[in-house]
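Participant: what follows is a predicted structure for the sequence shown.
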Amino acid sequence: MSKEIGGGRRKGGREELLSRAVLGPDPIPVFSRWFEEARASSVMEYPNAACLSTVDDGGWPQGRIVLLKGFDERGFIFFTNYRSAKGKALERHPRAALTFYWHDLDRQVRIRGEVERIPAEESDAYFRTRPRGSQVGAWASSQSEPSGTRERLVDRAREVEERFGEEEIPRPPHWGGFVIRPVEVEFWQGAPSRLHDRIVYRSDRDGTWETQRLDP
C-alpha cells in the first residue's frame with residue numbers, strides 16, 4: 001500500500017484571470033514578463049531553473065534541471081555537453097519539453113518544441129563569460145559517462161588547468177548551446193478553490209499563435 005504524502009497548503013491562488021486579451025497574442029513576451037517577475041522575487045535563487053525532458057532511443061523519458069541562459073524570438077536557450085545523455089538524446093530525437101515552476105508566484109510554464117544547436121559563435125561568446133573553473137570543468141568532465149572515482153575527475157581538472165596555464169580557455173568542441181523553438185507554450189496560474197487558469201498557445205504554420213483555455 002502506498003504511503004500518503006501530505007503537501008503544502010496552497011495560499012489560495014491569484015484573483016486575476018488569464019486570457020488572450022490579458023496575456024497578448026505572442027507567448028514570448030508573456031514569458032518575458034513572468035520571468036522578470038520571478039527574477040524580481042527575492043526568495044528565488046534560480047528563477048531560470050527548469051526541468052528539461054527528453055526521450056532516449058527506447059522511448060524512455062528523462063528529466064533533469066537545467067538553467068535557462070537566454071530566450072528570444074527563436075526560443076529558449078541552454079548549454080550542455082553535446083556528448084551527455086541529454087545531448088545525445090536531443091541529437092537523435094530533436095524535440096523536448098521545458099517546465100518552469102515558480103512556487104511563490106503560484107505559476108508554471110510548460111514549453112514543447114523542436115531543438116537545434118545554436119551557432120558556434122554564440123556558444124563561444126557565452127563560454128567566455130563563464131567562470132574559469134566552469135570552463136575547466138567543461139573540458140574535464142565526460143558528462144553522463146562512468147567516472148570511476150572522484151579523484152580521477154579532480155585529476156583531469158588539474159590536467160586541464162596545467163594544459164592551459166594562464167592562457168584563455170577555448171570552448172570545447174563537444175560543448176555548446178541548444179535552442180528549443182516552441183510549438184506549444186502553456187501558462188498556468190493558481191486560482192482559488194483549485195480552479196486554476198491554464199492558457200495554451202499553439203503555433204500555426206503561418207507563424208501566428210492560436211490560444212485555448214484548458215480545464216485545470
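Facilitator: Thanks, I have it. All figures in this text were calculated on a predicted structure; none of them were measured in a lab.
Participant: where in the chain is pLDDT low?
Facilitator: In the predicted model, the chain carries pLDDT under 70 at residues 1-16, 144-145, 147.
Participant: residues contacting Trp188?
Facilitator: The contact partners of Trp188, by Cβ atoms under 8 Å, 6 or more residues apart in numbering, come to Arg107, Gln108, Val109, Arg110, His196, Asp197, Arg198. Any C-beta I mention is one placed from the backbone N, CA and C, and that applies to glycine too.
Participant: hmm, 10 Å instead?
Facilitator: Contacts for Trp188 were tallied using Cβ atoms under 10 Å, 6 or more residues apart in numbering; they are 18, 99-101, 106-110, 196-200, 214, 216.
Participant: how about the longest strand along the chain: buried residues?
Facilitator: Counting by DSSP state E, the longest strand found in the chain is strand 175-189. Across strand 175-189, burial judged by 16 or more other Cβ atoms under 10 Å covers 175-183, 185-189.
Participant: ok, of those, which one's closest to Val66?
Facilitator: Nearest to Val66 among those: Phe178, at 9.4 Å, using Cβ to Cβ.
Participant: okay, and the beta partners of the closest one?
Facilitator: Counting by DSSP bridges, Phe178 forms beta bridges with Phe78, Arg117.
Participant: from the contacts of Trp188, which would you call buried?
Facilitator: Buried subset of the contacts of Trp188 (neighbour count, 16+ other Cβ under 10 Å): 18, 99-100, 106-110, 196-200.
Participant: shouldn't Pro61 be in contact with Arg95?
Facilitator: No: using Cβ atoms under 10 Å, Pro61 is not in contact with Arg95, being 11.6 Å away.
Participant: so where do the strands sit in the chain?
Facilitator: For the chain, applying DSSP E gives strands covering 49-55, 61-67, 70-71, 76-81, 95-102, 107-117, 175-189, 197-203, 209-213.
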